[in-house]
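Trainee: no FASTA, just this:
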């Protein structure tokens, strides 16, 4: 009887250990759940959807039209928060809508996906970057949360020489982005291209349209560069979106933005990557700006500690 009891106890112990091992394995499996190892978020600052995906013949975005064979487009994607630059970028990066001031003097309230990834992985700060034509977007490298402020900060290259230095041309941002990718091979990059927004505010419609065409070419340029680098080829997801749109003609026209009109709220989501469907347009799901952070976190296996958005599951294969 004693031998039978000992055998039963040993078997129960082995079963328990096996279960614990399986549970431990399950916890690490998400790291290898997806082929994506890098995510690049490219924000085209402030075009109206009526001049991009809804323009007649989509004449201003021929490269995206061609690249759609490799990716997805969400036709009803929205900014449901504050339709200005810093709040919009913050929402995409943190997954939380906040009405932070728009001049670079206020940090986001919650850590970005970059900060959370740096903490989760223990990676060097050169493995996550904010590269922006607008200097004020340097605030994306930090947040107000006490446990996060001043910690796990991504590297930054914003404006002429940092917050308060002034804006720079998108051509400089494109050059700097490629140099950073080649030198550091970061796993997360957030890029801001501001020329569309700047020409809009200047009330220069022809230049505004030309800037939309130029940023369209820049998207292809970045994608081609991704595919040319061994650290990125076939293991990188590129997401293209906007911080905000612009006013409808009936609400004052393309010069400004900032309210809840359809022109300001209806924005772009276009993406390509090894885990996404191809040649797909999604018109259901009620997806929005804060879903970008959650989707980036999902692809990279990062805990979604503060994020309010949902993963864009319709995009996945």
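Mentor: Everything's here; your move. On a predicted model such as this, the values are computed, not experimentally measured, just so you know.
Trainee: residues near residue 155, how many?
Mentor: Residue 155 has 18 neighbours, counted by other CB atoms under 10 Å. In this view, the C-beta of every residue, glycine as well, is placed from N, C-alpha and C.
Trainee: repeat that for residue 283.
Mentor: 9.
Trainee: which ones are touching the closest residue to it other than its chain neighbours?
Mentor: Distances taken as CB to CB, 6 or more residues apart in numbering put residue 75 closest to residue 283, at 4.7 Å, once the chain neighbours are dropped. Contacts for residue 75 (CB atoms under 8 Å, 6 or more residues apart in numbering) come out as 53, 281-283.
Trainee: which phi and psi does residue 75 have?
Mentor: phi -80, psi -20 (degrees, to the nearest 10).
Trainee: and the contacts of residue 75, which are buried?
Mentor: Buried members of those, scored by 16 or more other CB atoms under 10 Å, are 53, 282.
Trainee: out of the contacts of residue 75, who's nearest residue 197?
Mentor: residue 53 (17.4 Å; CB to CB).
Trainee: so how far is residue 212 from the closest one?
Mentor: 11 Å (CB to CB, to the nearest Å).
Trainee: which neighbours do those two share?
Mentor: Contact with both residue 53 and residue 212 is made by residues residue 61, according to CB under 8 Å, 6+ apart.
Trainee: can you get me the centre-to-centre distance for whichever strand or helix holds residue 114 and its chain?
Mentor: Under the criterion of DSSP states H and E, residue 114 resides in helix 113-121. Centroid displacement of helix 113-121 relative to its chain, using CA atoms, centre = their mean, to the nearest Å, is 14 Å.
Trainee: that helix - contacts with which helices or strands?
Mentor: In terms of contacts (3 or more CB pairs under 8 Å, 6 or more residues apart in numbering; DSSP states H and E), helix 113-121 is packed against helix 85-94, strand 128-132, strand 188-193, helix 291-300.
Trainee: can we see that at 7 Å?
Mentor: Other elements packing on helix 113-121 under the criterion 3 or more CB pairs under 7 Å, 6 or more residues apart in numbering; DSSP states H and E are strand 128-132, strand 188-193, helix 291-300.
Trainee: nearest to residue 145, of these?
Mentor: Set against residue 145 and scored by CB to CB, the helices and strands packed on helix 113-121 come closest in helix 291-300, at 14.7 Å.
Trainee: relative to helix 85-94, how tilted is that closest one?
Mentor: 30 degrees (axes from the mean of the first three to the mean of the last three CA atoms, to 10 degrees).
Trainee: contacts for helix 291-300 next, please.
Mentor: Residues outside helix 291-300 that contact it (CB atoms under 7 Å, 6 or more residues apart in numbering): 34, 36, 39, 41, 92-95, 113, 116-117, 237, 239, 241, 275, 304, 307, 309-312.
Trainee: any idea which residue sits dead centre in this protein?
Mentor: residue 41 (3.6 Å; CA atoms, centre = their mean).
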